[in-house]
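In: Sequence first, then the predicted structure, then my questions.
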Number of protein chains: 4
Amino acid sequence: MSAREFVKGNEALAWGALKAGLNAYFAYPITPSSEVPETLAREFRNPQYPDFKVFLQSSSELEAINMVIGAAATGAKVMTATSGPGFSLKQEGLSYAAGMELPFLVADINRAGPGLGNLGPEQSDYFQATKGGGHGGYRNIVLAPNSVQEMASFPGLAFSLAFKYRNPAIILADAFLGQLKEDIVFPPIAQEKFVTPWATTGARGETRHVLASLHLDLDDQSRHVEHLLSKYEEMDRVEQRAEQYLTDDAEVVIVAFGVVSRLCKQAVNALRARGVRAGLMRPITLSPFPSRSLADLASRGVKRFLVVELNIGQMVYDVKLAVEKGAAVEQIHRLGGLLPTSSEIVAKVEMTQA
Amino acid sequence: MSAREFVKGNEALAWGALKAGLNAYFAYPITPSSEVPETLAREFRNPQYPDFKVFLQSSSELEAINMVIGAAATGAKVMTATSGPGFSLKQEGLSYAAGMELPFLVADINRAGPGLGNLGPEQSDYFQATKGGGHGGYRNIVLAPNSVQEMASFPGLAFSLAFKYRNPAIILADAFLGQLKEDIVFPPIAQEKFVTPWATTGARGETRHVLASLHLDLDDQSRHVEHLLSKYEEMDRVEQRAEQYLTDDAEVVIVAFGVVSRLCKQAVNALRARGVRAGLMRPITLSPFPSRSLADLASRGVKRFLVVELNIGQMVYDVKLAVEKGAAVEQIHRLGGLLPTSSEIVAKVEMTQA
Amino acid sequence: MSAREFVKGNEALAWGALKAGLNAYFAYPITPSSEVPETLAREFRNPQYPDFKVFLQSSSELEAINMVIGAAATGAKVMTATSGPGFSLKQEGLSYAAGMELPFLVADINRAGPGLGNLGPEQSDYFQATKGGGHGGYRNIVLAPNSVQEMASFPGLAFSLAFKYRNPAIILADAFLGQLKEDIVFPPIAQEKFVTPWATTGARGETRHVLASLHLDLDDQSRHVEHLLSKYEEMDRVEQRAEQYLTDDAEVVIVAFGVVSRLCKQAVNALRARGVRAGLMRPITLSPFPSRSLADLASRGVKRFLVVELNIGQMVYDVKLAVEKGAAVEQIHRLGGLLPTSSEIVAKVEMTQA
Amino acid sequence: MSAREFVKGNEALAWGALKAGLNAYFAYPITPSSEVPETLAREFRNPQYPDFKVFLQSSSELEAINMVIGAAATGAKVMTATSGPGFSLKQEGLSYAAGMELPFLVADINRAGPGLGNLGPEQSDYFQATKGGGHGGYRNIVLAPNSVQEMASFPGLAFSLAFKYRNPAIILADAFLGQLKEDIVFPPIAQEKFVTPWATTGARGETRHVLASLHLDLDDQSRHVEHLLSKYEEMDRVEQRAEQYLTDDAEVVIVAFGVVSRLCKQAVNALRARGVRAGLMRPITLSPFPSRSLADLASRGVKRFLVVELNIGQMVYDVKLAVEKGAAVEQIHRLGGLLPTSSEIVAKVEMTQA
C-alpha cells in the first residue's frame, strides 16, 4: 500500500484510519458508507496493523456510538462511520461524548434529503454536524474532504485534533465522494502516540479518573460548560483551515466545500479564461468555520461571494456572518442528490456580474 | 377548568393540548418533562375530553417518536414531550416526519448542559430545534413560551401551524418554566377540525395516500426538497411572531426568549427608570425566526442589541444575520442551569452605554 | 353472534375470549396464530364488549408477555396468543408469572419442527407447555381443544381455572385447528366476576399488595415454592379432565389429544365395525394430566394403550407413568406438519393385535 | 496451571473450556454464573490459549445465544453461560440450534425458584434442560457435574459429544457448585480438532453449506425431524453415563445428581455403617438419561429407589419410567435454595425400611 493506489473514497477513509493508528472500529453499516466497515473487517488481524485490536459490529446505531464512547474513554483511537439517518441516531451519544470530552472520529457520508434519503450526494447534514445535532450547545470538530486523497489523509488530522482538544471529530463527506475512485498516495503509518492522562484505564492504586458529562451542582455544571466554551474559542482561534485558489486578486469568490468545490474550481478556471477575476475559497474545517479568511477577503476588496451548496442553504449563514458588513453574498443550491454543472455556476457569476 | 387556575408549566402544557383537541399522546417520560405524561395519564378517559383516545407509554424514546409518526399519518392531533437527551434520540424520527410532511407537536423541556444534563434551565437546544437536529436540512416550527399562560395556549397555536403547513412543531421550554406555577386561564376547548385530505385512513376504493420521505429518482427527490424549501420560505414570510416591549423609541434593545426574557423585561423597566431608552424584543417563533422585526428596529435607528441567552451563544447568530449591517450586537450568556439577574443585565447595558 | 356460526378456530378463540369477559389483549402476531389479534383488533371498541378495554401491539414477544404480567397483576382478564418460537421467547415471563401466581391466558398455536418451524400442525410444544419451558419447576394449567367449538369455549374455562388457582393457563392448539372452519355456538357473555383480593390496584390507605416471584430469605423462598407445589397437587387432585369414547368395554384404548384425536375417533369407529373393542381416551387437560382416568382403565383390564402424537413422543411418557404396571403402551407419531390417516391407526392396532 | 489448584466451580468451568480449546465466548453475565465470563475476560489474549479468539459481551441474553449460533455455524468451539432466567430467554435460540444441528456449550448455573429466583442451589431447571425449554420436541445433551473437578473436565466432554452429534450440549450446575472451591487438576490442553465438513466457512467455489431449522415442504420437514429423532435414539443408545457407588449388593439405591449427590454419598456411608445395604446411582448425563443402569439395578433385585432432588420432583419421573415395573420409587425434595442434610436422607431410608 505504498506508492500510488487507485481506490474508492470510502476505502481510502478506512485505510487512512488504519495508517493513523486506529485501535478500534464499531460498525453499524449503512449505505453509502458501508465500504468503510467492509474494508476494515477485511484488514482486521492484518499484521501490518498491529494496533487495530477491535472490530465489532453492533446491533444498532445507538450501540455503535455508545461502544465508541466506552472505548474512547480508555484513550484508544476509535472510529465509526455512518450516513445521515444513522448520524441522527447517534446525536444523543455525541452530546454525551462532547460533555465527557472524549476524542474519537465519526465519518458521516451524507445521503440526499431528510428521512430515508436517497443515495445521491447532498451536504444537508452541515447544520447537524456543525451546529445542532445533539442537545446542549457543544461543538464538534468537522472536516470536509473534497478528494479521495483527503479521505485518506483526514483521519490522521481528525485524530490529531480530537486528541489535542479532547473532542469528537467528524469527517463530513457525501455519497459521491464515498464512491469516487481516484489515484492516491497513502500517508505513512503514524508513529504518534497521544498522551492521555485522563483515560480510564484502571486506577490500580492511583487517582481514579472519572469522565462525566453531568455535574449536579449548578455552579460546577456552569464551570464545566464555560470550560467547554473556552475550548471551542481556542479551537476557533487556532484551527480554522481553508484552501484558497486564485483569490489574491479576486473580485468574486466562490465559497464551497466537499465534492461540489471541485466543480467550482472548474468554474473559476472557466471564468478566468473569460477575463473574470474569480477565485475559490474552500473551507476544510467546517467547524471551526474559517471566518477569518473570509473576513480578510472581504476587507481586501472582494465585493461578491457566491456560496454553492448541495442543500437548501446552510453554510451561507456562516459566510454572511463572516463577511458581515461589506459584501454581497449570493447562493446556488442543488438538491435531491443532483449536482450543478460548472457552466451553471459560471452563468450565475456572469449574470449577476452584468 | 374554567376561570383562573394555579398550575405548573408542564401541567398547563398537558391541559392546553387537551383543550386543543389532543387525540393521542405517546409517552416516554424524562425529567423535567414528566408532569406532561403524568397529567395526561390522569385525564385519559375523562369524559370532558372525548377526543383523547390514545395514551400509550412506549418502551423507548425511539418508539415514542415512531408511534407519533404512525398516528400523525392518520391526520390525528398527536403529541409527545421530552427533554434534551430524549429530543436527541428523536432526531432521526423528526427528520423522517419533516420529509413525510407530518403535523404533530413535540415539547422539549430543556435540561442544562450536554450529555446527561442537570435539571436547571438552559436554552442550549436552540440550534438542535431550529437548525440541526436530524439529517437532511429540514425545518421545524419552533415556539418559545415564556409563561405558564403560554404553556397552556401554545399547544393550540402549535397544532394550527403544524396542520396549516403539514410540518412538525416544537414547543421549546426549559426546566424552570416546566416547574413554575402561575395563575392562568385555559383556552376553551377547540372546535377546530383540520382538513387532512392527505391522511392515510384506509383507501377503501379511493386513491391510496402514500406518505414517504424518500424518492429514489433524483429529480423527484429534488422536486420534493424544493417543495419543502418553498414551504419553509412561506412560513418565514407569514409566521414570524415576536413580542415588542417599549421598542418604539428604544436606542438599545434586549433580545431574549423563554424564561430569561422575563428577567430582561425587569431589566428594561429598571433601565427606563434610570432614563435609558431600552426595549425588549422577544421572539415567540424561534423558527421561523422574527428577523424582519429586528431588521425594522435596526432600520429605525436602534444602535445596540443585547442578546441574552442561557447557552454558549446560539440565537445571537440569528440576530446578527437579521440586523446585518448597521448595529452592534452584544451578548450575555449564563450556563449550567443558572440564571443571570436583572441587575447584571442592567449593568451590562450601562457599561457598554458609557 | 348467537345461533350457529361458521368460523375459523383462531377466530373462535378470539371471540370465545371476548365472551368470557376479556379485558386486555397484548399482541405480537405470529403465523399461524395471527387471526387471534386480527379478530380482536376489529372487535376493539365494539359496544357489545364493554369490558374489552385494552388492545395493544407490543414491539416484541418479550414485551407482550411482560405487558400481560403487568395487566394481570391488576386482576384483569388478560390474554395473548403466539406460536412455538414466540412461546419460547415468553418462557422467562411465564416463569415469573407462575412465581407471582398471576392468572392469565396464553394460547400457543403450534408450528411443526424446532427452530423456525413450518405452518403444518404438530404437537411438539407438549413438554414445553406441561413440563419445562421456563426455569424453576412451576406448572402451567394446559388445555387442549380438539374442535372449533372448544376453541370458543375453552377461553372461559381457562380463565375460570386461572383465577381459581392464581396460575397461568395455556391453550395448546395447532396450525390445523387454528385454520379449521366449523359450525359452532358461542357461549353467552360471561357474567362471572372473579374475586381478586390480591390484585395491585392501588393501596389508597389499605394494606399494600406485593406480587413477587422472589424471596431472598431461603426459608421464605422454600415456603413459597412448597406453597406452589401444594397448589399444583390440588390442581392435580381436582382438575383432571378427559373425554372417554367407547372405553367402557375396551380392550385397546387409543390416547390422543387435539386435532389428531379426531382421526383416532374415526379409527375407533372403524375398529369397532371390524369387531375390535377399541376406545378413545382424550386428555382435555394436559396439565394436570388425567392420569387417574388412565390408571382406572388399566385397572379395569385395558391391556393395550396406543398413544398417537404429532411429535417425537412426549405424552407417551405421561401415559406410561399413569398406567405404570400392567399394560402395554405403544405409540404412533407423525412429524413435520403431517397427519397420520385413520387407516394407518387402524392398521397399527390390528397389526399388534394379531 | 499444572498440578493441583484450588479454584471455584465457575472458574474451573471457564478454564476447563479453555483447556478444551474454546474459540469463542459470548457473554451476558448473570449471578451466580458471572465468574465464568469474568475469568474468560481475564484470560482473553493470554498466549497460553492461542485458539481463544473471541470474547464478546452482548447486550442481552437473546443476542448472546444468537451470536453463539452464528459462531457455531462456522465449526468453532463456542460457549456461553447463564442462570435460570437467562436460560429461559435463550430457549428460542436453543430450539433453532437443535433444528440446525449446531454443536456448542451452554452452562446453566441454576438459581432457586421460578421467576427472579434467589442465589441458593436448586435443580429446578431439570425439565427445561432435558425435556422442554424451546418449542419443537428436540433434545439437548445435558451433563451434570457434582464437583469442581468435573466442572473443569466436563467442558471437554461436552464439546466432544456436541461435535460428535452436531447438537447443543448443556452443563447443568447450581449456585452452590458454582461458588464451591476445591482442589483439582486441570485436564491438559486438548489437541483434538473436530472435523466439521458441514460448517459455513465460505463456499469459495465449492458447494454451499446451508444450515437451516426449517423445511417448508412438509415431507422434507418430516424427514428432518425423523433424522433428529434417530440421532437422539443413537445418543440414548451410546451415551448414557452414570456413577455407581456400592450398588452391587444394594437393596436400596439413592438416585441423585449434582451437588446433592455428595450428601447422598455421605448418607450411603452412614447407612452402610448401620448395616443397611444402600447404594448411590448418580446420573452424569441427564439427557440421555441413564435409564438402562436403573433398569439393570431393578432387574438385579433393588426393591427401593429413593430420588433426592432440589426441586418439586422432576427426575423422579425419569426414574419411574426407567425402573417401570418392579420397584418402589420414593422421593425427597428440598426447595428455595436449601439442602437436605445427610441424616435426613438416612432417616428417610430407615423410616420406610421399617
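Out: Happy to help now that I have it. Numbers count the residues shown, from 1 in each chain, chains lettered A, B, ... in the order given.

In: List the buried residues for stretch A:47-55?
Out: Under the neighbour-count criterion of 16 or more other C-beta atoms under 10 Å in any protein chain shown, stretch A:47-55 has A:49, A:52, A:55 buried. To be clear about C-beta, it is placed using only N, CA and C from the backbone, and glycine gets the same treatment.

In: now, which of those sits nearest chain C?
Out: Each of the buried residues of stretch A:47-55 was checked against chain C using C-beta to the nearest C-beta; the closest is residue A:55, at 28.2 Å.

In: Correct me if wrong: that closest one contacts residue A:22.
Out: No: look at residue A:55 against residue A:22 with C-beta atoms under 8 Å: they stay out of range, at 9.5 Å.

In: Quick check: neighbours shared by these two?
Out: residue A:40 (C-beta atoms under 8 Å, 6 or more residues apart in numbering or on different chains).

In: helix, strand or coil for residue A:205?
Out: Assigned with DSSP: H, G, I helix; E, B strand; the rest coil, residue A:205 falls in the coil class.

In: ugh, typo on my part, it should be residue A:25
Out: Classified using three-state DSSP, residue A:25 is strand.

In: That one and residue A:69, how far apart?
Out: 14 Å (C-beta to C-beta, to the nearest Å).

In: Which of those two has more residues huddled nearby?
Out: residue A:25 (31 against 22; other C-beta atoms under 10 Å in any protein chain shown).

In: Now do the contacts for that one.
Out: Counted by C-beta under 8 Å, 6+ apart, residue A:25 has contacts A:17, A:37, A:40, A:52, A:54, A:55, A:56, A:78, A:79, A:80.

In: Any of those residues buried? List them.
Out: Judged by 16+ other C-beta under 10 Å, buried ones among these: A:17, A:37, A:40, A:52, A:55, A:56, A:78, A:79, A:80.

In: from what I can see residue A:115 touches residue B:221, true?
Out: No: using C-beta under 8 Å, residue A:115 makes no contact with residue B:221, being 10.2 Å away.

In: one step back: closest to residue D:107 out of the buried ones among the contacts of residue A:25?
Out: The closest of the buried ones among the contacts of residue A:25 to residue D:107 turns out to be residue A:56 (C-beta to C-beta; 23.9 Å).

In: Name whatever forms a beta bridge with that closest one.
Out: Using DSSP bridges, the beta-bridge partners of residue A:56 come out as residue A:26.

In: and the stretch 151-300 of chain A, which residues reach chain B?
Out: A:212-216, A:218-226, A:228-229, A:232 (C-beta under 8 Å from any C-beta of the partner chain).

In: ok, now how distant is residue A:176 from residue A:149?
Out: For residue A:176, the distance to residue A:149 - C-beta to C-beta - is 15 Å.

In: With neighbour numbers in mind, choose between these two.
Out: residue A:176 (23 against 18).

In: Give the helix, strand or coil label for the nearest residue to the more buried one once chain neighbours are set aside.
Out: Nearest non-adjacent residue to residue A:176, counting by C-beta to C-beta, 6 or more residues apart in numbering or on different chains: residue A:121, 3.7 Å away. What three-state DSSP gives for residue A:121 is coil.

In: Now do the contacts for residue A:121.
Out: Contacts of residue A:121 by C-beta under 8 Å, 6+ apart are A:110, A:112, A:174, A:175, A:176, A:177, A:259, A:310, A:337, A:339.

In: can you check residue A:244 too?
Out: Counted by C-beta under 8 Å, 6+ apart, residue A:244 has contacts A:279, A:280, A:281, A:282, A:293.

In: The second one belongs to a strand?
Out: Yes: the secondary structure assignment for residue A:280 places it in a strand, going by three-state DSSP.

In: got the contact list for it?
Out: By C-beta under 8 Å, 6+ apart, the neighbours of residue A:280 are A:243-247, A:253-256, A:261, A:264-265, A:268.

In: which is the next helix or strand following the strand or helix carrying residue A:234?
Out: Element membership of residue A:234 [criterion: DSSP states H and E] is helix A:218-238. Sequence-wise, the next helix or strand downstream of helix A:218-238 (DSSP H and E) is strand A:242-245.

In: and that next one, what's its mean pLDDT?
Out: The average of the pLDDT scores along strand A:242-245 is 98.

In: now do stretch A:215-225
Out: Per-residue scores along stretch A:215-225 average to 90.

In: residues in contact with it?
Out: So stretch A:215-225 is contacted by A:99, A:137, A:214, B:112-114, B:118, B:120, B:312, B:334-338 (C-beta under 8 Å, 6+ apart).

In: per-residue pLDDT, the residue in chain A that chain B sits nearest to?
Out: Using C-beta to the nearest C-beta, residue A:132 is the residue of chain A that sits closest to chain B, at 1.6 Å. Residue A:132 is assigned 82 on the pLDDT scale.

In: Let me see the contact set for it.
Out: Per C-beta under 8 Å, 6+ apart, neighbours of residue A:132: B:127, B:128, B:129, B:130, B:131, B:132, B:133.

In: PyMOL command for the buried members of the contacts of residue A:280?
Out: A single PyMOL command selects the buried members of the contacts of residue A:280 (16+ other C-beta under 10 Å):
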select buried, chain A and resi 243+244+245+246+247+253+254+255+256+261+264+265+268
